[in-house]
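S.K.: here's my sequence, what's the structure:
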Amino acid sequence: MKKILLFVVISVLSVFSFASTLSMIMDVTGPFSRNFNPYFSGGSNFSARGFIYETLFYINGYTGEVVPWLATDYEWSDDYLEVEVTLRENVKWSDGENFNADDVVFTFNMIKTYPALDIGGIWQKGLKEVTKVDDQHVKFVLSQIDTLIYTDIFTVYIVPEHIWATLNDPTTYTAENPIGTGAYLLGQFTSQVYTLEKNQNYWQKEKVKVSTIRIPAFTGNDAAQLALMNKEIDWGTLFFPNIENIFIKADPENRGYWLPEGNPVLLFFNLDDERFKDENFRKAIALGIDNEQVVQIGMSNLATVSNPVLIKGGFSELINGNLKHMWYDKDVEQAKKMLNDLGYSTGKDGMFTDGKGNKLSFELIVPAGWTDWIAVSQVLSSQLKQIGIDVLVSQVDFGLYLERIRNKDFELALSWVNYGINPYFFYERWLHSRNAYSGDNRGGWISLTTDSLLEIFRKTSDEKERQLAISSLQLIVLQEVPSIPLFYNPTWFEYTTYNFVGWPNEENPYALPTITGMDKAYIIMNLEPVK
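M.R.: Below is the predicted model:
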């Protein structure tokens, strides 16, 4: 009897292995909440995006290519005020219901009714109306010409009308048993680990060779690194110092990594705080920072130092060369002089105080468990102490961290901005007032001049006009320092080929290996189990 049981156990384990289970790291901020609402941010929500819920098109984060997904084609009207999208036929929701234009129209009207779900701010950007032409066609009507809005339309996650229309308030809906069009369904769930299982109703299921995705929770990078080292993880998304010696050297044939230049990381001021309203005060802080040292010590030299205008090398033609003399570097003495000129004075300890004798002291919030960013924050604290400013680093649970930024409940924050497919999208996300606090404009920069320049990007298809606008924006960034650019966060990506092959890498950079959007779904469909 014992031999029979042993045989059964071995057989089950063999089948489980053959069924191609991929283990990946989705988050390192602790236990999961059972929340698969694609409009929220967090560990399990990230897996909902792309794996469970999908968008009309997939915009490749590395190449910028627009790939048909739930839609197969789109066409602009002659006056650029309408775009008609053709939907893919024979797509089903994971519960077997048909997907059609009603779901698309419902989704867009829902995020209009509940702006908290409109994470891209599309209804504020000039979308006027969304109408059903027939079951396979949807028309998007604009209130004004917007030659870039198609990317916003295409990247909204579509949800099923027959489920979401019954909700009293979709902004509080946790979608504990999510129904999507994507390649996966929710399998087993605990706060420590959950699985996604292949959706047998998926419209391109023949491309999905990974039948199960296993996603364990980690409370920080260290535990996750250990799991990766012990072959418990196939797909890593970790800060990994000394990665060559610690991770690769142990088995270079089956371990790899690729760190493409990712989203920029900045030091954000809460511009609602009176102390940060003076541009000279902000510039003094900028002059206290040595970005090279931040990257060398805080990021183990695995990130790329950014320039002060945050235009990546691939778009260097957009850099206003006439303003390069305004680019700033660390200058401790000049920073101190500027603080003195602003009326601050130093005490015996060399730290600045205001006119009431209060020490210049600020809290800098950073997500708990993000060991690389925590190290960066500590370097920043040390550097700013040299110019007489005290900075206390606070590690905050990721959900609370985002909530505090949204609620303006912070002084300084280390955070990021989603770059998008080019600098036009990046500048808009970073600096437009519509994105203040709740979007990527985390510091709350509000300027009518800035908004007017940003809106030129969308109102014209003339590249020269766009370049003039972005040149003027660079002047604002350098003169007024709305936040302080530090570096481009590497897109942390480690992989092993013990169980799967087909990963993107430097030799085959077919997609950006991010896990917060559709890119991961595209990657999954390129993976093959090792026979």
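S.K.: quickly list the domain ranges of this structure.
M.R.: 24-52+182-260+491-529, 57-162, 263-490 (automatic domain parsing).
S.K.: now those in CSV, with distance to residue 168?
M.R.: Every C-beta, even on glycine, is put in place using the N, C-alpha and C of the backbone. Formatted as CSV, these follow (distance: least, CB to CB, whole Å):
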stretch, distance to residue 168
domain 24-52+182-260+491-529, 14
domain 57-162, 11
domain 263-490, 22
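S.K.: all helices for the stretch 201-350 of the chain, in order.
M.R.: For the stretch 201-350 of the chain, the helices defined by DSSP state H, counting those that start in this stretch cover 221-229, 243, 279-287, 291-293, 332-341.
S.K.: could you look up the SS state of the spatially most central residue of the chain?
M.R.: For the chain, the residue nearest the mean C-alpha position is residue 418 (5.3 Å; CA atoms, centre = their mean). Secondary structure, DSSP: H, G, I helix; E, B strand; the rest coil: residue 418 is coil.
S.K.: OK, contacts around it?
M.R.: 263, 426, 429, 440 (CB atoms under 8 Å, 6 or more residues apart in numbering).
S.K.: tell me who's in contact with residue 335.
M.R.: 284-285, 287-288, 387.
S.K.: tell me the one among those nearest to residue 61.
M.R.: Distances from residue 61 to the contacts of residue 335, taken as CB to CB, are shortest for residue 285 (31.5 Å).
S.K.: ok, the closest one to residue 275 distance?
M.R.: 10 Å (CB to CB, to the nearest Å).
S.K.: ok, now residue 102?
M.R.: 51 Å.
S.K.: with neighbour numbers in mind, choose between these two.
M.R.: Just comparing residue 102 and residue 275: by other CB atoms under 10 Å the higher neighbour count belongs to residue 102, 16 against 13.
S.K.: kindly reformat the domains of the chain as JSON lines containing mean pLDDT and distance to residue 175.
M.R.: Shown next, in JSON lines, are the domains of the chain (pLDDT from 0 to 100; distance: least, CB to CB, whole Å):
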{"stretch": "domain 24-52+182-260+491-529", "mean pLDDT": "94", "distance to residue 175": "4"}
{"stretch": "domain 57-162", "mean pLDDT": "95", "distance to residue 175": "8"}
{"stretch": "domain 263-490", "mean pLDDT": "95", "distance to residue 175": "16"}
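S.K.: tell me the secondary structure at residue 464.
M.R.: Put simply, residue 464 is helix when judged by three-state DSSP.
S.K.: contact partners for the residue nearest to residue 87 when sequence neighbours are not counted?
M.R.: The shortest distance from residue 87 to any non-neighbouring residue, by CB to CB, 6 or more residues apart in numbering, is to residue 136 (4.8 Å). Listed by CB under 8 Å, 6+ apart, the contact set of residue 136 reads 86-87, 89, 100-101.
S.K.: try residue 181
M.R.: Residue 181 is in contact with 53-54, 70, 91-94, 99, 158, 202-203, counting by CB under 8 Å, 6+ apart.
S.K.: if you rank these by neighbours, which is first?
M.R.: With neighbours taken as other CB under 10 Å, the top of the contacts of residue 181 is residue 53, carrying 27 neighbours.
S.K.: narrow the contacts of residue 136 to just the buried residues.
M.R.: The neighbour-count test (16 or more other CB atoms under 10 Å) marks 86-87, 100-101 as buried among the contacts of residue 136.
S.K.: inside strands: which ones of those residues?
M.R.: 86-87 (DSSP state E).
S.K.: pull the CA atoms of stretch 415-428 into CSV?
M.R.: Taking Å, rounded to 0.1, in the frame of the first residue of the first chain, the C-alpha atoms of stretch 415-428 are listed here in CSV:
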residue,chain,number,x,y,z
SER,A,415,9.3,57.7,-6.5
TRP,A,416,9.1,57.1,-10.3
VAL,A,417,7.3,58.3,-13.4
ASN,A,418,6.2,55.9,-16.1
TYR,A,419,8.2,57.0,-19.2
GLY,A,420,5.9,55.8,-21.9
ILE,A,421,6.9,55.3,-25.5
ASN,A,422,8.6,58.7,-25.9
PRO,A,423,9.5,61.9,-24.0
TYR,A,424,6.2,63.6,-25.0
PHE,A,425,4.2,61.0,-22.9
PHE,A,426,6.7,61.2,-20.1
TYR,A,427,6.6,65.0,-19.7
GLU,A,428,2.9,64.9,-19.7
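S.K.: hmm, back to that, export the buried ones among the contacts of residue 136 to JSON lines and tack on distance to residue 74?
M.R.: Shown next, in JSON lines, are the buried ones among the contacts of residue 136 (distance: CB to CB, whole Å):
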{"residue": "86", "distance to residue 74": "7"}
{"residue": "87", "distance to residue 74": "10"}
{"residue": "100", "distance to residue 74": "17"}
{"residue": "101", "distance to residue 74": "14"}
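S.K.: the buried ones among the contacts of residue 136: which two are farthest apart?
M.R.: 86 and 100, at 12.0 Å, using CB to CB across the buried ones among the contacts of residue 136.
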